[in-house]
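K.L.:
Need a 3D model of the sequence below.
(2 chains)
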Amino acid sequence: MLADLALVLLDTANRVLTLLLVALGLAVTFGLMGIVNLAHGEFFLLGAYAHVALERLGLGFWWGLLLAPVFVGAAGWILEVVVIRRIQDRPLDSLVATWGVGLAIKQAVVLLFGPASHTVAPPFATTVAIAGTSYPVYRLFVMALALAATGLTILLLLRTPFGLMVRGTVADRGLAAATGLPVRRLDALAFAYGSALAGLAGAATAPLMSVDPQMGVGFLLPAFLSVLVAPASGAFGTVVGAAVVGGSESLAATVVSPVVAQLLVLAGAVLLLRLAAGRRYGRER
Amino acid sequence: MLALTGFAAGWHRGVPAVQDVDLELAEGRVLAVLGRNGAGKTTLVKGVLGLAPWRSGIVRLDGRRIDGWRPERIARAGIGFVPQGRGVFPGLTVEENLRLGALGSGRRRPEPALLARFPHLFERRDRPAEALSGGEQRQLSILRALAGRPRFLLLDEPSEGVQPTIVEAVAALLLELVEVDRLGILLVEQDLDLVLRVAHECLVLEDGRPVDWFSAAELAARPQRVEHYLGL
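P.N.:
This is a model prediction of the structure:
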């Protein structure tokens, strides 16, 4: 009984923290910068495939985990400079453009790696005994990595000049420019950082799932929901958002099928957002 | 020297919102820009800063053309800006606002003496900027601009909606900046008392064009000359 409960709690914590790792990048690009990047799921995919490719090149797991986010961050930088900054003030255009970029990335992956799935072996295949149940050590590592990435992002945004300049640019872009802040470079760097986080999530979770061209789809919606239902923008709010979305999804999946659980969470999030919007509208009136 | 020649900026009903502006602002001088609401005063300031679209003409800073530059480059060249309204970064503390001013000019932190100019802001340095009163936010906006150590300061109606004691403190600071620090100040203003207190020359805009130019001494002798333009 205790072992079953421990397993449910560990799986829930694992789902929440894995989702947090994916949503963290969105918290920066969407939550802070307001860019609806529908290619975020494909950046997650790109991180996993970069890990596969780097392993094939003989660089090993840890180099793959380190370099995949760098590669995806560079891809994010290019996307911001070439596409996003030209349509930043037009949300619908950026929605369509990033959706198109996502499709292009997915097709490029199919052309390069084929439609079949790939696997990345975890660096440690051992398990550890926790409250009467044995749990894979690598899953615990991913959870710790998510917490570390969240802490690092919070420190970056709240304790560094870069973070302060990003928050200033988000608060008032025109004033930031007139103050001399390099707003365009900050946009590109922040977007690259958010993309790198998606790449890190993909590279880190690659050993936990089959790496295939559809793997980003399942994470995109819950990640967006996590940022949307977050009580505040930024990394802090996303922790709460991921806990609400990932936690309720994982717990609901213990009594109903995973698909029904996802639908229930989606319906709940829509209801929550509707109520929140109603309250906001009421205040504005 | 900040100099505008045949300057036009912005867009209003098919024509530039401000045009045919020629002016020179030297360091240690205050030029007041007067005019009714909608005369083009704010567009003039924003146009110089690159925040409103440049249409034609030349802007020179110490002989170097800066028209068409991006706003952040213009700011880094030594032109500070205090916009109309509060002019602070909401969600950030007083200290963070000032740090951004310093970071904008490539410095890590503002000079410690900066907050001494308005000591009550020093006491509130950990408070969010939006928690300050309107007048205090205006003072913070001026300090934020000064944290970048500009040589020219462009202020857009710093007295608007601010209580008289704060306007008095702002006037004293502007005089100190001009006389001690030798800043050149372009002051968009409708408060004639403040203009008389700090300005050396006045430019009047009407429908986006300069229509009159006189010294502060002339304004003091014949205030009705400008009251006519302002509709007072």
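K.L.:
So residue B:4 lies in a strand, does it not?
P.N.:
Yes - assigned with DSSP: H, G, I helix; E, B strand; the rest coil, residue B:4 falls within a strand.
K.L.:
how far away is it from residue B:22?
P.N.:
6 Å (Cβ to Cβ, to the nearest Å). Every C-beta, even on glycine, is put in place using the N, C-alpha and C of the backbone.
K.L.:
what about these two, which has more around it?
P.N.:
Neighbour tally, residue B:4 and residue B:22, criterion other Cβ atoms under 10 Å in any protein chain shown: the higher count belongs to residue B:4, 21 against 14.
K.L.:
show me the contacts for that one.
P.N.:
Neighbour list for residue B:4: B:21-24, B:48, B:57-60 [criterion: Cβ atoms under 8 Å, 6 or more residues apart in numbering or on different chains].
K.L.:
Just want the residue of chain A that's nearest chain B.
P.N.:
Chain B sits closest to residue A:180 of chain A, with a gap of 2.9 Å, by Cβ to the nearest Cβ.
K.L.:
how many other residues sit next to the single nearest residue of chain B relative to chain A?
P.N.:
Residue nearest to chain A within chain B: residue B:104 (2.9 Å; Cβ to the nearest Cβ). Using other Cβ under 10 Å, residue B:104 is surrounded by 27 other residues.
K.L.:
Would you check that it makes contact with residue B:72?
P.N.:
Yes - between residue B:104 and residue B:72 there is a contact under Cβ atoms under 8 Å: 7.4 Å.
K.L.:
what sits in contact with each of these two?
P.N.:
Joint contacts of residue B:104 and residue B:72 (Cβ under 8 Å, 6+ apart) are A:176, A:179-181.
K.L.:
Now for these: which two are most distant?
P.N.:
A:176 and A:180 (8.6 Å; Cβ to Cβ).
K.L.:
So for these two, which residue has more residues nearby?
P.N.:
With neighbours defined as other Cβ under 10 Å, residue A:176 and residue A:180 compare such that residue A:180 has more, 29 against 26.
K.L.:
Could you pull up the residues touching the nearest residue to that one once chain neighbours are set aside?
P.N.:
Nearest residue to residue A:180 in three dimensions, chain neighbours excluded: residue B:104, at 2.9 Å (Cβ to Cβ, 6 or more residues apart in numbering or on different chains). For residue B:104, the contacting residues are A:176, A:179-181, B:72, B:75-76, B:147-148, by Cβ under 8 Å, 6+ apart.
K.L.:
rerun that using 6 Å as the cut-off
P.N.:
A:179-181, B:75, B:148 (Cβ atoms under 6 Å, 6 or more residues apart in numbering or on different chains).
K.L.:
Mind checking which of the residues you listed are in helices?
P.N.:
Judged by DSSP state H, the subset of the contacts of residue B:104 located in helices is residue B:75.
K.L.:
Go through the contacts of residue B:104 and name the one nearest residue A:10.
P.N.:
residue A:181 (43.9 Å).
K.L.:
Settle this for me: the closest one is touching residue A:165, isn't it.
P.N.:
Yes - taking Cβ atoms under 6 Å as the definition, residue A:181 is a contact partner of residue A:165 at 5.2 Å.
K.L.:
neighbour count winner among these two?
P.N.:
Legend: neighbour count by other Cβ under 10 Å for residue A:181 and residue A:165, higher for residue A:181 (26 against 23).
K.L.:
how close does the more buried one get to residue B:178?
P.N.:
Distance from residue A:181 to residue B:178, by Cβ to Cβ: 27 Å.
K.L.:
Okay, now the unreliable bits of chain B?
P.N.:
The model of chain B has pLDDT under 70 over residues B:232.
K.L.:
what helix or strand does the most centrally placed residue in it sit in?
P.N.:
Centre of chain B computed as the mean C-alpha position; nearest residue by Cα atoms, centre = their mean is residue B:155, 1.5 Å away. Per DSSP states H and E: residue B:155 is located in strand B:152-156.
K.L.:
contact partners of that strand?
P.N.:
B:2, B:42, B:45, B:79-84, B:183-188.
K.L.:
show me where the stretch 1-150 of chain A has strands.
P.N.:
A:127-130, A:133-136 (DSSP state E, counting those that start in this stretch).
K.L.:
Which strands border the first one, and is each parallel or antiparallel?
P.N.:
Okay, so that is strand A:127-130. Sheet pairing here is set by DSSP bridges, and for strand A:127-130 it gives strand A:133-136 (antiparallel).
K.L.:
sorry, back to before: could you export the contacts of residue B:104 to a markdown table, including columns for distance to residue A:150?
P.N.:
Formatted as a markdown table, the contacts of residue B:104 follow (distance: Cβ to Cβ, whole Å):
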| residue | distance to residue A:150 |
| --- | --- |
| A:179 | 29 |
| A:180 | 31 |
| A:181 | 26 |
| B:75 | 34 |
| B:148 | 33 |
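K.L.:
What is the nearest of the contacts of residue B:104 to residue A:112?
P.N.:
Scanning these for proximity to residue A:112, where the rule is Cβ to Cβ, the winner is residue A:181, at 38.7 Å.
K.L.:
The closest residue to residue A:35 other than its chain neighbours: how many residues sit nearby?
P.N.:
Nearest non-adjacent residue to residue A:35, counting by Cβ to Cβ, 6+ apart: residue A:29, 5.1 Å away. Using other Cβ under 10 Å, residue A:29 has 29 other residues around it.
K.L.:
give me phi/psi at residue 151?
P.N.:
Went with chain A since none was named. When read as degrees, to the nearest 10, the backbone of residue A:151 gives phi -60, psi -40.
K.L.:
was after chain B, sorry
P.N.:
According to degrees, to the nearest 10, residue B:151 has phi -100, psi -20.
K.L.:
Ok, residue B:110 next?
P.N.:
The phi/psi pair for residue B:110 (degrees, to the nearest 10) reads phi -70, psi 160.
K.L.:
wait, doesn't it sit right on residue B:102?
P.N.:
Yes - using Cβ under 6 Å, residue B:110 makes contact with residue B:102 at a distance of 4.3 Å.
K.L.:
Find residues that contact each of those two.
P.N.:
residue B:147.
K.L.:
could you dump the shared contacts of residue B:104 and residue B:72 to JSON lines with pLDDT?
P.N.:
Formatted as JSON lines, the shared contacts of residue B:104 and residue B:72 follow (pLDDT from 0 to 100):
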{"residue": "A:176", "pLDDT": "96"}
{"residue": "A:179", "pLDDT": "96"}
{"residue": "A:180", "pLDDT": "96"}
{"residue": "A:181", "pLDDT": "96"}
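K.L.:
hang on, the earlier thing: so which of the contacts of strand B:152-156 are in helices?
P.N.:
B:42, B:45.
K.L.:
Report the entries of the contacts of strand B:152-156 that also contact chain A.
P.N.:
residue B:81 (Cβ under 6 Å from any Cβ of the partner chain).
K.L.:
what's the spacing between residue A:72 and residue A:192?
P.N.:
Taken as Cβ to Cβ, the span from residue A:72 to residue A:192 is 9 Å.
K.L.:
Who has more neighbours out of the two?
P.N.:
Between residue A:72 and residue A:192, residue A:72 has the larger neighbour count (other Cβ under 10 Å), namely 30 against 24.
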